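Participant: quick one, what's the 3D model for this:
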Amino acid sequence: MERRLTTILVADVAGYSRLMSTDETGTLAALNGHRAELIDLRIAENQGRIVKMTGDGLLVEFSSVVNAVGCAAEIQRGMRERNENVPPDRRIEFRIGVNLGDVIVQNGDIFGDGVNVAARLEGIAAPGSIAVSGSVREHVGSRLDLAFEDLGEHRLKNIERVIHVYNIVLNPASATQPRPPAAVAARDMLDLSIAVLPFTNMSGDPEQEYFSDGITEDLITDLSKVSGLYVVARNTVFTYKGKSVKVKQVAQELGVRFVLEGSIRKAGQRIRITGQLIDAKNGGHLWADRYDRSMTDIFAIQDEITRAIVEQLKIKLLPEEKAAVARAPTENVEAYTYYLRGRQFSHEWTKAYLLLARRMFKKAVELDPHYARAYAGIANCDSALHGWHSEEVALDDILEMSARALALDPELAEAHAARGLALHSNERRVEAITEFERALELEPDLYEANYFYARLLYTQGEMEASARYFVKAAEIRPDDYVSPILLTSVYRTLGQTTETENWAQRGIERAERALLLHPENSSPAHRGALALAHLGERERARDWAARALAIAPDDIYAFYNIACAYSILGDIEPALDLLERVVTRNTREQMLWFDNDSDLDPLRDHPRFQRMYAARLKELDLESEMDR
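Facilitator: Numbering: from 1, shown residues only. Down below sits the predicted model:
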């Protein structure tokens, strides 16, 4: 049985039974004409494969997400032109759904969850429209002249997990484009939908961005606890960060009625927060306020803003929602500040930044010994230092720290994700999977849960599943360059050249931005070198590798990624020289990663590689586990 990750397009004719009952011969002739003159041609031009046709519908497979979405847009635009002079009651209009997912291939047909999701997306698309999953939207990025309207998360029929759905706006420049009827239906109530734009850092210090971003995220989280309110996800609104935007345009692009925007100025122990709630329907300001307070009032301010919005929108809070909104993560504002800074540092994943993040989290728990999130942060740092950087960290201590986080807050997704990573570090993989899945159940958009789970699946050789969670991680954090670059290796293993190149390009773009912000950080440099190697940019890859080694000459993670880059470029001896400095310190988890990394395939038959590989397996007593 063959499985693969692919892009699936499902289309059918809206109102086909009605059209056939009115004029069977004319409908069939028109449908055949559309297929022959438009649809089949566009599919072929975009390298699609028609898997099967079913009367009024078709199932198509693409190796490229961009090609699939481009094809869908070309079909819908073409159908608009072909329907211009046709009476409305006789028009043939397609609904299209596009999904990136895992499929089973059998006798040329494809089956499985990936196909089912695409079919359900097609079912909720409006006639003449295209509905796509969140993973498709992230893959496309800004490559096509299309706008994506966020329809939020949906529970689709017979699909167990929640699917993030986007509607494609074919003419983004048109301010008068009507909202598709399905988009209104998909939101239970358009009038109770809101986007919280990233609050502007007015402190005059770019280093304070972590604080304004943290406040924005917490407001999104608090508002998301209100069952009667649709709130646009963090990853979507943060695409507007740092941009000058018009509220009405943002509301139209996101498909919401209300927009909350504001600013934060932090100076010593004083803070000023301004906020305004705007009704995009008429441009009116429903609420605006300014809070000049001590930093100790930060949680009270967040609570007041949330309650003001709920009051203005006339939403009645349930008792449990009132309690959830009022519950602060800690009573100590200084601990909260240290936690936010630690979380920002930890996402770089380099040894230096992890040690710095750990100090931030440790200070947070010293200030508040009951701060569950900070304990989870310490556990994550220690797991990464041990598992990815070969640092001497007691595994029992990692387990204890993650257990403490869970004991303090059993419903905290971050604590379950930290526990999963700790269990993975202790080779208790079945238990780790249970914890990751619980974290994702509690908070599907938690970056750590998606990223850690993807890494576990990679070490198990489950590349299709690993890709799904790395894609989600990259979607959640638009500044995450690590997941896109890891996806280049995943797709290289899967033999999907187009996706390998797409993610390498996205990874290098994000890494370049990261290097501009933090030129002292080696991580975007050595990961960027690997992405450039995947793109065949040989000299530039070598330049980035040299830069990474100059910044961090003793970084074992840099050695490994640069060795992979050299391997792809055919620089065999330099790659082996670096690997010899890595392998002797590899943990058991790292050896499992090592074994599944196709970037090293050009080295595997070399005698030096085989000697170092076998010796380390023997030292770790892994020969039988790694034997293929």
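Participant: separation between Leu530 and Arg80?
Facilitator: From Leu530 across to Arg80, the span is 43 Å (C-beta to C-beta, to the nearest Å). Using the backbone N, CA and C atoms, a C-beta is placed for each residue, glycine as well.
Participant: find the least confident helix or strand in this protein, judged by mean pLDDT.
Facilitator: helix 181-186 (a mean of 38; mean pLDDT, DSSP states H and E).
Participant: domain ranges for the protein?
Facilitator: Annotated domains of the chain cover 2-181, 192-328, 331-477, 521-628 [automatic domain parsing].
Participant: can I get these in CSV including distance to Val490?
Facilitator: Putting the domains of the chain into CSV (distance: least, C-beta to C-beta, whole Å) gives the following:
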stretch, distance to Val490
domain 2-181, 9
domain 192-328, 20
domain 331-477, 5
domain 521-628, 9
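Participant: tabulate those domains (JSON lines), appending mean neighbour count and distance to Ala511.
Facilitator: Below are the domains of the chain laid out as JSON lines (neighbours: other C-beta atoms under 10 Å; distance: least, C-beta to C-beta, whole Å):
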{"stretch": "domain 2-181", "mean neighbour count": "18", "distance to Ala511": "15"}
{"stretch": "domain 192-328", "mean neighbour count": "17", "distance to Ala511": "18"}
{"stretch": "domain 331-477", "mean neighbour count": "21", "distance to Ala511": "11"}
{"stretch": "domain 521-628", "mean neighbour count": "19", "distance to Ala511": "4"}
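Participant: for the ones you listed, which one sits closest to Ser489?
Facilitator: domain 521-628 (5.3 Å; C-beta to C-beta).
Participant: what about the helices in the stretch 501-628 of the chain?
Facilitator: Using DSSP state H, counting those that start in this stretch, the helices found in the stretch 501-628 of the chain span residues 523-534, 538-551, 556-569, 572-583, 588-596, 607-620, 623-626.
Participant: related to what we said a few turns ago, quick one: which of the domains of the chain is nearest Gln496?
Facilitator: Short answer: domain 2-181, nearest of the domains of the chain by C-beta to C-beta, at 6.2 Å.
Participant: how far out from the middle of the chain is the closest one?
Facilitator: On the basis of C-alpha atoms, centre = their mean, to the nearest Å, domain 2-181 sits 23 Å off its chain's mean C-alpha point.
Participant: which phi and psi does Ile278 have?
Facilitator: When read as degrees, to the nearest 10, the backbone of Ile278 gives phi -120, psi 130.
Participant: I figured it hits Trp287, correct?
Facilitator: No: using C-beta atoms under 8 Å, Ile278 makes no contact with Trp287, being 9.1 Å away.
Participant: show residues contacting stretch 18-27.
Facilitator: Residues outside stretch 18-27 that contact it (C-beta atoms under 8 Å, 6 or more residues apart in numbering): 13, 16, 28, 89-90, 92.
Participant: now for the residues you listed: which two are most distant?
Facilitator: Spatially, the most separated pair among these is Leu28 and Asp89, at 16.9 Å (C-beta to C-beta).
Participant: so where's the stretch 51-200 of the chain uncertain?
Facilitator: 171-191 (pLDDT under 70).
Participant: can you map out the strands along it?
Facilitator: Using DSSP state E, counting those that start in this stretch, the strands assigned to the stretch 51-200 of the chain run over residues 57-62, 94-106, 109-111, 130-133, 147-154, 163-169, 193-196, 200-201.
Participant: can you put those in a markdown table and add distance to Glu499?
Facilitator: Shown next, in a markdown table, are those (distance: least, C-beta to C-beta, whole Å):
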| stretch | distance to Glu499 |
| --- | --- |
| strand 57-62 | 11 |
| strand 94-106 | 9 |
| strand 109-111 | 17 |
| strand 130-133 | 15 |
| strand 147-154 | 19 |
| strand 163-169 | 19 |
| strand 193-196 | 30 |
| strand 200-201 | 35 |
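Participant: run the chain-centre distance for stretch 440-447.
Facilitator: A distance of 11 Å separates the C-alpha centroid of stretch 440-447 from that of its chain, computed with C-alpha atoms, centre = their mean.
Participant: gap between the two ends of that stretch?
Facilitator: One end of stretch 440-447 sits 10 Å from the other (C-alpha to C-alpha, to the nearest Å).
Participant: need the contact partners of that stretch.
Facilitator: Counting by C-beta under 8 Å, 6+ apart, 153, 161-162, 233-235, 347, 411-414, 416-417, 439, 449-450, 453, 473, 476-477, 480 sit against stretch 440-447.
Participant: how much space is there between the residue most central in space within the chain and Glu160?
Facilitator: Residue closest to the average C-alpha location in the chain (C-alpha atoms, centre = their mean): Glu475, at 2.3 Å. Noted for Glu475: a distance of 20 Å to Glu160, by C-beta to C-beta.
Participant: swap in Glu331?
Facilitator: To Glu160, Glu331 is 38 Å away according to C-beta to C-beta.
Participant: residue ranges with poor pLDDT in the chain?
Facilitator: For the chain, residues meeting the criterion pLDDT under 70 lie at 1, 171-191, 228, 317-318, 321-322, 324-326, 622-628.
Participant: dihedrals phi and psi, the closest residue in space to Leu197 that isn't next to it in sequence?
Facilitator: Sequence neighbours aside, Glu261 is the residue nearest to Leu197 in space, at 4.5 Å (criterion: C-beta to C-beta, 6 or more residues apart in numbering). The phi and psi values for Glu261, taken as degrees, to the nearest 10, are phi -130, psi 160.
Participant: residues contacting Glu261?
Facilitator: Residues counted as contacts of Glu261 (C-beta under 8 Å, 6+ apart) are 197, 199, 247, 275-276, 278.
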